[in-house]
Structure formats: C-alpha cells, structure tokens
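Undergrad: Predicted model and sequence follow; I will ask about them next.
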Amino acid sequence: MDEREQTPVFRRLFGYAMLFKYRIAAALLVLCCAVGAELAGPFIAKTIIDRHIGSIQLPWYEKVSEAPLGSTMAQVELDGRIYVREDWVKSEHLEHGMWREAIILQLERGLYLVRNVPGGEGTWTLETDGDGPAGAQVRWTGAGGESERFPARKLTAAEAGSFYQHDIVPVIRWLLLFVCLLALGSVLHYIQGYTLQATALRIIQRMRMDLMRHIQRIPIRYFDNTPIGQVVSRIANDTEAIRDLFMSFMATFVVSMINIIGIYIALFLLDIRLALVTLLFIPLFTIVMLVHLKYSKKYISIMRARLSDMNAMISESIAVMPILQAFRQEARRLDEFDALNEDRYRSNIRQNRVFSLSSRNFTGLVGALFTAGVLWYFGGQSLHSSISFGVFYAFIDYTGRFFQPIIGIFDQLLNAQRAVVSAEKVFALMDMEGTEVEETEKVPRPQGHVAFDRVSFAYQEAEPVLRGISFEAKKGETVALVGHTGSGKSSIMNLLLGFYEPTSGEIRIDGINIRSMSKQALRKHMGIVLQDPFLFEGDIKFNVSLYNEAIGPEQVRKALADVGASGFVEQLPGGYDEPVVERGSTLSSGQRQLISFARALAFDPAILILDEATANIDSETEGLIQEALRIVSAGRTTFIIAHRLSTIRDADQILVLQRGEIVERGTHEQLMQLEGRYYRMYQLQSGGLAPPTTA
C-alpha cells in the first residue's frame with residue numbers, strides 16, 4: 001500500500017486518539033517531566049566531577065601575607081600554610097599580593113603539591129618520587145620547549161582528603177538530588193505509563209464497539225459471501241493488533257521521541273561540536289527504518305491474511321465437524337489447514353530476517369562504533385583540556401541513552417506494521433455501507449396486509465431468482481409458498497424481512513412501501529422460525545424472551561404451552577431455568593424447534609414467517625404445532641414455506657413457484673382440482689402414482 005492509501009488509516013487512528021486528547025496530553029506532560037528528571041542525572045554527574053571530584057586540579061593559592069582571611073572563605077591548612085582554591089577566593093583578594101600560585105598534580109599514582117608554578121601552558125612530568133619537599137621532583141615543559149624543575153610535596157591519602165573536605169557536603173547534596181530525581185522519574189513514568197495504557201484500552205474499547213455496532217448495520221448480503229471466521233478475526237484479532245499499536249508502539253514511540261529530544265537538548269548544552277556529530281544518526285536510522293518498512297510490509301500482509309483464513313477454516317470445521325467425521329475428511333481438512341499454516345510460517349520467517357538485519361543488531365553495531373570513535377577522538381582531546389572530563393563523561397552517558405529509544409522504536413515496528421495492516425481491514429469493514437439501527441419503541445403495530453407488486457430480485461447481477469412476483473396477503477390470512485429447491489421461496493421471505501432490496505417492483509405493508517421504512521421498524525412486529533433454529537447460551541426462559549423485558553415468566557410459560565413445549569420443558573432438571581449451551585446442542589432438533597416457535601409467538605408478531613419450520617418435527621409434534629398455530633394465527637398474517645405439503649392444507653392461499661415465478665395459486669382444494677404441478681407434488685408425497693414433472 002502506498003503512502004496515499006496509508007494516510008487515511010493514520011488519520012482515522014489519530015481521530016480515535018483525539019477522543020481522549022486531554023488524558024493523552026496530561027500523560028505526555030507527565031512524561032516530559034519524567035524524562036527531564038531522568039536526563040538530569042548526567043548533568044548532576046558532570047557537576048560533581050568538574051566542580052568537586054576534579055576540582056582538586058584547579059589552580060590553588062598559598063597565603064603568604066599575615067593579613068587575616070574572611071571567616072566565610074573556605075580554606076585548607078597543610079604544613080602550617082593556608083591554601084585556597086581558585087573558585088573559593090574572590091578576585092579582589094588576589095590583587096593585594098597576599099597569595100602565590102600553587103597546583104596539585106596527579107602524576108602516575110599520586111597527588112603532588114607544587115608551589116611557585118610558572119604561568120603559561122605546559123606539561124608536567126614526574127622525575128623523582130619521595131616523601132617531603134626534597135623527596136620529589138617534577139619537571140615543567142613549556143609550549144616553546146623550555147623546561148624547569150620544581151620540588152613537589154607528595155600528599156598522603158589523609159592530606160589529599162583534607163583538600164576535598166569542603167566538597168563533601170555539596171557532593172552529598174547533589175547525590176540526594178540525584179536519588180530524588182530518580183524516584184520522581186519512576187513515579188512519573190508509572191503515572192504516564194498507566195495513563196497511556198488505560199487510554200489505549202479505552203480507544204480499542206470504543207473502536208471495537210463501533211465495529212460491532214457497524215456490523216449490525218451491514219446488509220445480510222455481505223455475510224452471505226464472507227466466512228464467519230473472517231468477521232470474527234476483524235473484531236477479535238485485528239482490533240487486538242491495533243491495541244498493540246496504541247499500547248506498545250505509540251507509548252514507546254512517544255517516550256522515545258521525547259527522550260531523543262531531551263538528549264539532544266542536553267548534548268547541545270554540553271558541547272555543540274559533539275552534538276552536531278550525533279545529528280548524523282537521524283537520517284541514517286530514518287533510511288534504515290524506511291527500508292525495513294518497505295520489505296517487511298508485504299510479509300506482514302500475507303501473515304494477517306493467512307491468520308484470517310485459518311480462523312475462517314477453524315470456525316467452519318467446528319460447525320461441520322459431524323459432516324467431516326461422517327465422510328472421513330479429517331485428513332484432507334488437516335492438509336488444507338497445514339498449507340495455510342505453512343504459508344504463514346514462511347512469511348513470518350522472511351519478515352524475521354528483515355527485522356533481525358535492520359533492527360537491534362544494526363543499531364547496536366552503530367552505537368558501539370560511534371562510542372569507540374568518541375573515546376578515541378574526543379577522549380584524546382579531553383586529555384589536552386579540549387573538554388572537561390565531566391563533559392566527556394556526560395556526553396558518553398547521553399549517547400549511550402540515545403540508542404536505547406532507537407532500539408525501542410525498531411523493536412515495536414513489527415507491532416506497528418501489524419496494526420496498520422489490521423487497521424486497514426477494520427476500517428475497510430467499517431466503510432461498508434450500512435443502515436442505522438433506529439429506535440422502534442413508538443412504531444405502531446401494523447394490520448399485517450402484505451402485497452408484492454411485480455417484484456424481481458437477483459443475488460448476482462444477470463442471474464434473477466425472482467421474476468415479477470405479485471400476490472396479496474390480507475390480515476389474518478395464511479399464505480403458503482411451495483416449490484422445488486431454488487424456486488425462490490426463501491428469497492421472497494428475505495425480501496419481506498428487508499434483508500435484501502428488490503431489483504424492481506414494490507413490497508407494501510398496509511399500503512406503505514417497505515423501502516421507506518427503517519429495517520428495525522419493519523421487523524419489530526415480525527416473527528420468524530427457521531428450519532435450523534438457533535438457541536443462545538443461557539436458559540430456556542432467556543431463549544424465549546431474549547432481551548425483551550416486556551416478556552415475563554408467565555408469557556414465556558404461555559408461549560411454550562401454546563406450542564406444546566411445556567411438557568418436555570417441565571421434565572428437564574432445571575425446568576424453565578434449564579441451562580442451554582451454544583446452539584442448544586443438548587436438546588433434540590424437535591425440542592429446539594418448539595422453543596423457537598415459542599419465541600416467535602411470545603413476541604406476538606403481526607406477521608409470522610415459518611421457513612421450513614416443521615421439517616425437523618416428528619408427526620406427533622407436528623400435530624401439536626398445527627393445533628397451536630390454528631389458535632395463535634388468528635388476527636396475524638402467516639407465511640409458511642414448506643416442503644411437507646400436508647402441513648399447509650388449511651392455508652388460505654398457496655403459491656406454487658417454479659424458477660422464480662408463481663405458476664399456480666389457490667387453496668389446497670382448488671389446486672388439487674387443477675391437477676397441475678401442486679397436484680403432482682402432493683400425490684408424490686402422499687404415495688400416489690402421478691408422473692414426475694420437468695422443471
């Protein structure tokens with residue numbers, strides 16, 4: 001996918017993030033404070049090194065005058081002489097000739113005090129070592145080649161410690177500040193991490209609900225052509241991958257970018273020359289990331305597609321497991337699954353190769369080479385006082401920290417790419433045209449007068465399944481649709497329920513074209529019983545009332561009694577509270593059908609649709625249902641699709657369909673007198689000898 005196609009995806013992801021912009025802004029503000037607290041560490045270390053630990057090598061002044069010193073001036077006494085450091089003494093005191101310059105040198109393994117040092121740049125070397133003024137000699141070599149020997153006083157450990165006595169308290173204060181900043185940084189990181197992750201979960205919760213809500217708006221036609229497993233994969237797996245984007249990559253990316261910005265600010269404050277060198281890393285790592293994204297994107301797309309296919313196959317295999325085992329197709333199914341699994345594995349291996357070459361290994365190599373180069377070049381410069389040791393230490397610390405967020409971003413690129421691919425699929429599903437789910441509380445109950453006026457329909461263009469269907473069902477009438485498989489019976493009911501729109505013609509209820517009605521208003525007063533009834537996980541009561549609060553326990557019992565189901569329900573261990581597993585697999589097909597009848601009747605529909613509803617019912621149960629239907633069909637329009645013609649003898653109107661057209665219509669007696677297609681179908685089912693007809 002090119003950049004133009006990716007932009008809307010990122011814009012929409014950003015739009016979801018903006019729903020919680022205040023929480024994100026607060027988390028980022030806390031993050032900036034946390035990063036600032038952490039990045040202060042090397043600055044504190046630099047201050048301790050340059051102003052305290054390394055300060056002993058600053059110029060010292062030996063007091064030669066008897067004039068008293070101020071009580072506030074820090075001083076060190078050695079051999080009865082007073083010494084003050086350059087940063088302790090005020091400039092006006094140096095102008096009265098009461099001082100002479102001294103220096104403390106670190107030569108080989110000791111510290112040496114040298115008095116009366118010369119001015120100018122030069123280098124010092126130790127010639128002889130020993131205790132006392134006469135026991136040590138040092139040589140100074142100037143920039144012009146001149147040299148001079150000086151006696152030196154080697155300091156013991158205790159004497160060297162006395163020169164640090166005024167630095168102990170400041171160092172302790174700096175260390176306490178450093179510990180406090182570390183603790184503060186940890187607390188702030190916890191707050192921002194919790195806030196960002198909680199926000200990410202909220203974003204995905206909102207997205208998942210939007211997706212689930214939109215799926216209920218999508219026309220049934222989409223689900224006819226899409227495996228259930230793929231839809232489940234969009235809601236479960238793909239939204240979970242997007243969650244990783246917000247929780248892992250976004251958090252890591254934001255934290256890393258703020259860290260990098262903070263590190264660059266610190267580097268430029270330390271030394272501009274050193275900071276300019278590190279700017280070369282930005283284009284370098286950007287190029288590597290772009291290469292990584294280019295070559296791994298196609299492999300991730302294949303991986304996500306195969307995962308979706310595998311979910312679809314698993315869902316289908318579980319649903320048809322009895323068929324697979326009955327026809328001994330387990331091995332063939334495993335081979336198909338193995339092919340998908342192997343394809344995903346190969347793509348995963350290729351993607352891992354790209355990731356291994358361009359991520360942590362590359363960044364670690366560049367970081368190690370750069371650190372070695374800095375140690376070689378700038379380390380040598382620091383020995384010649386080009387930069388202080390504290391600055392050098394802080395720079396190495398900051399550059400070491402610079403590569404950590406880069407590695408973090410590389411490590412999360414895989415999650416980011418998976419999330420982008422998943423987001424494309426999720427948003428593609430959400431972009432499908434759908435109809436809004438509207439409230440139906442105030443929808444009046446229709447009379448139930450249904451009219452089809454020259455209705456034609458095709459699932460696929462140029463392949464019509466209905467041609468000019470016209471009929472009328474008045475209030476309280478029972479209309480039966482019969483015909484061979486594929487004649488268009490179920491298609492008529494799908495159009496009446498608003499699952500599909502007619503290609504031409506009109507369908508009217510009480511004279512109102514159903515195109516002008518919302519789908520929810522259309523179906524509010526309709527009930528349907530399918531050939532393969534679906535029971536939800538719950539109990540018997542719930543499967544009759546579903547989520548309708550107006551249907552109480554008494555209405556449930558009455559509906560079950562009307563269809564003759566109360567007998568077997570009351571014999572169950574839990575009675576009306578008997579748990580029902582998914583699809584009602586612990587009940588017989590006839591029992592499930594009776595419960596679905598009770599569900600339809602409990603909702604008291606104005607229009608009742610029975611789609612092969614008696615196909616799985618034995619003769620005794622069928623008799624109970626027929627008796628119940630005669631009672632409850634009074635006052636409501638009933639449509640029956642049936643292959644068993646004995647169940648529709650009492651219908652007010654029977655429509656015989658052939659190849660999407662009504663070829664016969666009338667009552668049972670009228671059609672039998674006609675001795676046409678219906679007559680021959682009835683004779684065949686009842687054991688007669690009527691000859692078969694051609695389609």
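TA: Sure thing, it's come through.
Undergrad: From now on I want contacts and neighbour counts done on CA atoms only, so please keep to that.
TA: Fine.
Undergrad: Now do the contacts for Leu105.
TA: The contact partners of Leu105, by CA atoms under 8 Å, 6 or more residues apart in numbering, come to Gln57, Leu111, Tyr112, Leu113, Val114.
Undergrad: Please check which residues sit opposite it as beta-bridge partners.
TA: Tyr112 (DSSP bridges).
Undergrad: what's the pLDDT at it?
TA: Looking at Leu105, its pLDDT is 83.
Undergrad: if we can go back for a sec, turn the contacts of Leu105 into JSON lines, including neighbour count and distance to Glu148.
TA: Formatted as JSON lines, these follow (neighbours: other CA atoms under 10 Å; distance: CA to CA, whole Å):
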{"residue": "Gln57", "neighbour count": "16", "distance to Glu148": "20"}
{"residue": "Leu111", "neighbour count": "20", "distance to Glu148": "19"}
{"residue": "Tyr112", "neighbour count": "24", "distance to Glu148": "16"}
{"residue": "Leu113", "neighbour count": "19", "distance to Glu148": "16"}
{"residue": "Val114", "neighbour count": "21", "distance to Glu148": "12"}
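Undergrad: With respect to Val179, which of those residues is nearest?
TA: Nearest to Val179 among these is Gln57, at 27.4 Å by CA to CA.
Undergrad: just the contacts of Leu105 now: which is nearest Arg467?
TA: For the contacts of Leu105, the nearest to Arg467 is Gln57 (102.9 Å; CA to CA).
Undergrad: Excluding covalently adjacent residues, which one is nearest to that closest one?
TA: Leaving out its chain neighbours, the residue that sits closest to Gln57 by CA to CA, 6 or more residues apart in numbering is Ile104, at 5.5 Å.
Undergrad: Specify the residue ranges that define each domain of this protein.
TA: 3-47+171-430, 58-160, 475-490+518-685 (automatic domain parsing).
Undergrad: any chance of those domains in JSON lines, plus distance to Gln447?
TA: Listed next are the domains of the chain as JSON lines, based on distance: least, CA to CA, whole Å:
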{"stretch": "domain 3-47+171-430", "distance to Gln447": "26"}
{"stretch": "domain 58-160", "distance to Gln447": "101"}
{"stretch": "domain 475-490+518-685", "distance to Gln447": "6"}
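Undergrad: Kindly compare burial across the ones you listed and name the winner.
TA: Most buried of the domains of the chain by mean neighbour count (mean count of other CA atoms under 10 Å) is domain 475-490+518-685; its value is a mean of 19.
Undergrad: what helices or strands is whichever helix or strand Asn494 is part of leaning on?
TA: Assessed by DSSP states H and E, Asn494 sits inside helix 489-496. Contacts defined by 3 or more CA pairs under 8 Å, 6 or more residues apart in numbering; DSSP states H and E place helix 489-496 against strand 463-473, strand 478-483.
Undergrad: next one: stretch 560-572 to chain centre, how far?
TA: 47 Å (CA atoms, centre = their mean, to the nearest Å).
Undergrad: Please apply the same query to stretch 76-85.
TA: 68 Å.
Undergrad: model confidence over it, on average?
TA: Across stretch 76-85, the average pLDDT comes to 83.
Undergrad: For that stretch, measure first residue to last.
TA: 9 Å (CA to CA, to the nearest Å).
Undergrad: Would you mind finding the longest helix in the chain?
TA: Under DSSP state H, the helix in the chain containing the largest number of residues is helix 168-215.
Undergrad: Of the contacts of Leu105, just say which sits nearest to Leu334.
TA: Nearest member of those to Leu334, counting by CA to CA, is Gln57, at 77.7 Å.
Undergrad: Give the full set of residues in contact with that closest one.
TA: Ile103, Ile104, Leu105, Gln106.
Undergrad: Repeat that for Leu175.
TA: Ile44.
Undergrad: what kind of secondary structure is Phe499 in?
TA: Of the three states, Phe499 takes coil under DSSP: H, G, I helix; E, B strand; the rest coil.
Undergrad: Return the distance of it relative to Thr435.
TA: The gap separating Phe499 from Thr435 is 11 Å, by CA to CA.
Undergrad: Only C-alpha atoms, please: export stretch 191-209 in PDB.
TA: Only the C-alpha atoms of stretch 191-209 are listed here, as PDB (Å, rounded to 0.1, in the frame of the first residue of the first chain):
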ATOM      1  CA  ILE A 191       1.700   7.500  36.100                       C
ATOM      2  CA  GLN A 192       2.200   8.200  32.400                       C
ATOM      3  CA  GLY A 193       2.500   4.500  31.600                       C
ATOM      4  CA  TYR A 194      -0.700   3.700  33.400                       C
ATOM      5  CA  THR A 195      -2.500   6.700  31.800                       C
ATOM      6  CA  LEU A 196      -1.400   5.900  28.300                       C
ATOM      7  CA  GLN A 197      -2.200   2.200  28.500                       C
ATOM      8  CA  ALA A 198      -5.500   2.800  30.100                       C
ATOM      9  CA  THR A 199      -6.300   5.400  27.400                       C
ATOM     10  CA  ALA A 200      -5.200   2.800  24.700                       C
ATOM     11  CA  LEU A 201      -7.600   0.300  26.200                       C
ATOM     12  CA  ARG A 202     -10.400   2.900  26.100                       C
ATOM     13  CA  ILE A 203      -9.600   3.700  22.400                       C
ATOM     14  CA  ILE A 204      -9.700   0.000  21.400                       C
ATOM     15  CA  GLN A 205     -12.900  -0.500  23.500                       C
ATOM     16  CA  ARG A 206     -14.500   2.400  21.600                       C
ATOM     17  CA  MET A 207     -13.200   1.000  18.200                       C
ATOM     18  CA  ARG A 208     -14.400  -2.500  19.000                       C
ATOM     19  CA  MET A 209     -17.900  -1.200  19.900                       C
END
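Undergrad: Following the chain past the helix or strand in which Phe370 is found, name the next helix or strand.
TA: Using DSSP H and E, Phe370 maps to helix 360-383. Using DSSP H and E, the next helix or strand after helix 360-383 towards the C-terminus is helix 389-430.
Undergrad: now that next one, how far from the centre of its chain.
TA: Offset of helix 389-430 from its chain centre (CA atoms, centre = their mean): 17 Å.
Undergrad: Which SSE is immediately downstream of it?
TA: Next along the chain from helix 389-430, counting by DSSP H and E, comes strand 450-460.
Undergrad: Give the rounded mean pLDDT of that next one.
TA: Strand 450-460 comes out at a mean pLDDT of 93.
Undergrad: Tell me the buried residues in that strand?
TA: Neighbour-count burial for strand 450-460, with 16 or more other CA atoms under 10 Å as criterion, is recorded at Val450, Ala451, Phe452, Asp453, Arg454, Val455, Ser456, Phe457, Ala458, Tyr459.
Undergrad: element containing the residue positioned nearest the centre of the chain?
TA: Centroid-nearest residue in the chain, with CA atoms, centre = their mean: Arg243, separated by 1.6 Å. In this assignment (DSSP H and E), Arg243 forms part of helix 239-244.
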